[in-house]
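Enquirer: Sequence first, then the predicted structure:
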Amino acid sequence: MIWKFLKKSPDKTPTESSPTPAAVNQLPLSYLQKLIPLGDLPAADLLAIPVTMRNFNPGDIIFNRGAEAEQLSYLYTGNVYLEANNGAGYTVEADTFKACYPLATSGEHAFSAIAKSPTQIIYMPLSNLQHSSKPVNNPLINPKSIPPQLRNSFFFDSFCDAFRADNLHVPSLPDVALRLRSALQKDISIADAVKILNLDPVISSKLIQVANSPIYRGSNPITSSHDAVNRLGFKTTQNLVTSISLHQLFRSRNRQLNNIIQTLWKQSIQIASLSHTLAGLTRKVNADEALLAGLIHNIGALPIVTFAESMDMSRYTEEELQASIVCLQGLLGTHILKKWHFPDSFQQIPVNTTNWYFDDGQGLQLYDVVLLAKFHSQLGGTNTQKLPPLNTLPAFQKLDDSALTPDMSLKALQDAKQQIAEAINFFRT
């Protein structure tokens, strides 16, 4: 098995320390606003959250692996070691970026937490995590939701005005992808599908290429669109044609903007590749749908770059452009996918993958797989130290009662990525 899961060991579970919790009158608002993801809540809501605190001595067990998390917990002072079943783990120190993330969220604890110094842990009701995970902020509608760095930004304000006036250029799927999606809503034959595919030689040739890849390869290589559709089936063909077509949208006539948009496309390819791999490993989500989901997760950036293309570059900075993309691409992505008449499971992917702790209480969904793919795409990079603990993510907790350390999951995914590299390369050209 590619993933080596860390099973809990109930036979050798140390006793959990149980110091008496003390109610906290009021934590500083500046501290609460640093907590992820609770800090995004309005100030009044943050200050209204009931908080208790417990003190632990060095060596005390804060919680045991396999026990049920009943509250949301954060490290306030001290140092904590999170230990997996095999002894591997990581340390969280107070006043660091890691301490802004919860030590535990919902579900069973995947790690044991041990105090390494005199330590204080604060606890809050789990319901606050569910409240903070809802995408309530919409800067396109509510000016109070605009990030501080974009207030008084001419570019951002102009874009939002154009959106509200319905004057934005929203990208359209290439004709072949649209025709095929429409045709497949009816009862058509393989020959009918092939007629549509052959309208675009580039798409049809790439479909043949992926049909001959390690994922779908049969006993004999194929050389025609008909054989490709016959091997792949209608649903997979539709998803792959849409995926291949997306590359045509990630282009700009402006060299500087084209560099930005090509970077976005490369990120999409990487996350799509990881999403495909994760879906195959979990066997709970269709891998071909996960591939497409990864490719469209940042589709909302396109209208922003297109708008920038129509404006004199002296009127905005690259920092404003990038901040606008981060702020708006989730909402815009959902808007675009609704216009494209994508299924609901796809429409919510852009907005639901902007928050590490998003959770709507359902089982493993497409957006969970994409979110985990985003996490793994950043492992080993410059942002590794700013990533939340993998075991605290609601998406990760939906992978059954098991856990992976980040190091193990990175190695497993790197191994699995090699198996599909040949199939993913066709997106790069």
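Expert: All right, it came through fine.
Enquirer: how far is the helix ranked longest in the chain from where the chain is centred?
Expert: The residue-count maximum for a helix in the chain (DSSP state H) belongs to helix 255-282. How far helix 255-282 lies from its chain's middle: 12 Å, per CA atoms, centre = their mean, to the nearest Å.
Enquirer: Who are the packing partners of the very next helix or strand once past that helix?
Expert: Once the chain leaves helix 255-282, the next helix or strand it forms, by DSSP states H and E, is helix 287-296. On a contact count with 3 or more CB pairs under 8 Å, 6 or more residues apart in numbering; DSSP states H and E, helix 287-296 meets helix 234-246, helix 255-282, helix 344-347, helix 349-352, helix 366-378. In this view, the C-beta of every residue, glycine as well, is placed from N, C-alpha and C.
Enquirer: now those as JSON lines including distance to Phe396 and mean pLDDT?
Expert: Output for the helices and strands packed on helix 287-296, formatted as JSON lines (distance: least, CB to CB, whole Å; pLDDT from 0 to 100):
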{"stretch": "helix 234-246", "distance to Phe396": "25", "mean pLDDT": "92"}
{"stretch": "helix 255-282", "distance to Phe396": "10", "mean pLDDT": "88"}
{"stretch": "helix 344-347", "distance to Phe396": "19", "mean pLDDT": "92"}
{"stretch": "helix 349-352", "distance to Phe396": "15", "mean pLDDT": "93"}
{"stretch": "helix 366-378", "distance to Phe396": "6", "mean pLDDT": "90"}
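Enquirer: now the ones you listed in JSON lines, with mean neighbour count?
Expert: JSON lines is the format used below for the helices and strands packed on helix 287-296 (neighbours: other CB atoms under 10 Å):
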{"stretch": "helix 234-246", "mean neighbour count": "22"}
{"stretch": "helix 255-282", "mean neighbour count": "20"}
{"stretch": "helix 344-347", "mean neighbour count": "16"}
{"stretch": "helix 349-352", "mean neighbour count": "25"}
{"stretch": "helix 366-378", "mean neighbour count": "24"}
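Enquirer: can I get those in TSV with distance to Tyr316?
Expert: Formatted as TSV, the helices and strands packed on helix 287-296 follow (distance: least, CB to CB, whole Å):
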stretch	distance to Tyr316
helix 234-246	26
helix 255-282	11
helix 344-347	29
helix 349-352	23
helix 366-378	26
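Enquirer: List the buried residues for the helix or strand containing Ile196?
Expert: Assigning secondary structure by DSSP H and E places Ile196 in helix 190-197. Residues of helix 190-197 classed as buried by neighbour count (16 or more other CB atoms under 10 Å): 190, 193-194, 196-197.
Enquirer: what's the farthest-apart pair in those?
Expert: Ile190 and Ile196 (11.0 Å; CB to CB).
Enquirer: how close does Leu240 get to Ala211?
Expert: Counting by CB to CB, to the nearest Å, the separation of Leu240 from Ala211 is 9 Å.
Enquirer: Touching both of those two, which residues are there?
Expert: Leu232 (CB atoms under 8 Å, 6 or more residues apart in numbering).
Enquirer: quick revisit: can I get the buried residues of helix 190-197 in JSON lines including pLDDT?
Expert: Shown next, in JSON lines, are these (pLDDT from 0 to 100):
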{"residue": "Ile190", "pLDDT": "94"}
{"residue": "Ala193", "pLDDT": "94"}
{"residue": "Val194", "pLDDT": "94"}
{"residue": "Ile196", "pLDDT": "95"}
{"residue": "Leu197", "pLDDT": "94"}
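Enquirer: mind listing what Gly363 touches?
Expert: Contacts of Gly363 (CB under 8 Å, 6+ apart): 284, 398.
Enquirer: Please identify which helix or strand holds it.
Expert: Going by DSSP H and E, Gly363 is not in any helix or strand.
Enquirer: Then Asp227?
Expert: Per DSSP H and E: helix 225-232 holds Asp227.
Enquirer: which parts of that helix are buried?
Expert: Buried, per 16+ other CB under 10 Å, within helix 225-232: 225-229, 231-232.
Enquirer: Same question for stretch 105-118.
Expert: 105-116.
Enquirer: That one: end-to-end distance?
Expert: 22 Å (CA to CA, to the nearest Å).
Enquirer: cool, stretch 98-117 as well?
Expert: 17 Å.
Enquirer: quick one: low-confidence parts of the stretch 301-429 of the chain?
Expert: 400-429 (pLDDT under 70).
Enquirer: So Gln347 sits against Thr334, correct?
Expert: Yes: between Gln347 and Thr334 a contact is recorded at 5.4 Å, counting by CB atoms under 8 Å.
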